[in-house]
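Visitor: Predicted model follows, preceded by the sequence.
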Amino acid sequence: MSEANQVEIGSSGKPDANEYNWSLDGLKNGWNFIRLNTSDAGKIGNPDLSAINWFRLYRFKTGSVTNRVDAIELLGGTLSIDDFDASTLFSIYYPAHNKVNLAFTLKQPSTVSVNLMNVMGQTILQNIHKQRLNAGKHSFKIPLEMLSSGVYIAKIKINDHVITKRIFKN
């Protein structure tokens, strides 16, 4: 990609209306992790972070360098939810080579879904779907033996809030 890249997200369903945008520089050959903070974004109109329906990496790839974005983390703005701290609420640990444990604590009874997706966003495993769980600590095992080596995404939905965590299979 050229030096003048940017990411745009918006809630109008089209570019250049109700959007946040960030300049991207320093991308390297291979996988890149991009962290976007809404306080650092350019803004057009009044984007609604709860209704994002537009995304693009802006600029065209040139040359033989291949760039890949395997995750985008969006921080700040109205994404913060009272009494809901995803950074401390969830833990993922690898007790054995072919499984991952996902542990979390619910402050109140909630409807929970846990999916495992590939980097293309396709669901490849659905551990639980819209299950009503009581307040307290919960743990789920995610089997990995049927997966190829690579990066996967655990998608946890609690009521209307979605959290994603990267999972690595060697």
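Guide: In hand now; what should we look at?
Visitor: for the protein, longest strand please?
Guide: strand 123-133 (DSSP state E).
Visitor: Just name whatever secondary elements that one is in contact with.
Guide: On a contact count with 3 or more CB pairs under 8 Å, 6 or more residues apart in numbering; DSSP states H and E, strand 123-133 meets strand 110-117, strand 136-143. All C-beta spots, glycine's among them, are computed from the backbone N, C-alpha and C.
Visitor: Among those, show me which one is buried the most.
Guide: Highest mean neighbour count among the helices and strands packed on strand 123-133 (mean count of other CB atoms under 10 Å): strand 110-117, with a mean of 18.
Visitor: Centre of the chain to that one, how far?
Guide: Centroid displacement of strand 110-117 relative to its chain, using CA atoms, centre = their mean, to the nearest Å, is 13 Å.
Visitor: just stretch 98-105 next, same as before
Guide: Worked out by CA atoms, centre = their mean, stretch 98-105 lies 17 Å from the chain centre.
Visitor: can you give me the strands for the chain?
Guide: Under DSSP E, the chain gives strands at 5-10, 19-24, 30-37, 42-44, 54-58, 67-75, 90-96, 99-106, 110-117, 123-133, 136-143, 150-158, 161-169.
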